[in-house]
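> predicted model and sequence follow; I will ask about them next.
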Amino acid sequence: MKDKLKILKKNDYLTSTDRLNKQIELDNLALEQAEKFYNDQLDIANAFHQDTIEIERRRDQEIGKILDARFDHYRSLNEGLKKRP
């Protein structure tokens, strides 16, 4: 994931709009991976009758960060599209 982001930032052939669209794709991928990871962690904790509050808190924090980044990318994309003639 981080490698894809580095490659994306170094790609001089993408327009700003294309770069933002790619970042949004990566945000969506990160969101899917985080949801799967934390759902698996919750399933394991539940199977062993363990408390899940801490896992849920970490999940909410991480997913919140990803959603915030995705929102920022959508907002930047929208602003960029408004500036086009």
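Yep, that arrived.

> helices along the chain, start to end?
Assigned by DSSP state H, the chain shows helices spanning 2-10, 16-47, 53-83.

> sketch out the low-pLDDT regions of this protein for me.
Within the chain, the stretches with pLDDT under 70 are 2, 5-6, 8-10, 85.

> so who does Glu35 touch?
Arg59, Ile63 (C-beta atoms under 8 Å, 6 or more residues apart in numbering). Glycine gets a C-beta too; all of them are placed from N, C-alpha and C.

> try the one 5 residues further on
Applying C-beta under 8 Å, 6+ apart, we find Asp40 in contact with no residue.

> so which residue is dead centre in the chain?
Asp27 (2.9 Å; C-alpha atoms, centre = their mean).

> gap between the nearest residue to it once chain neighbours are set aside and Leu26?
Nearest residue to Asp27, sequence neighbours excluded (C-beta to C-beta, 6 or more residues apart in numbering): Arg70, at 3.8 Å. As judged by C-beta to C-beta, to the nearest Å, Arg70 and Leu26 stand 9 Å apart.

> please apply the same query to Thr52.
28 Å.
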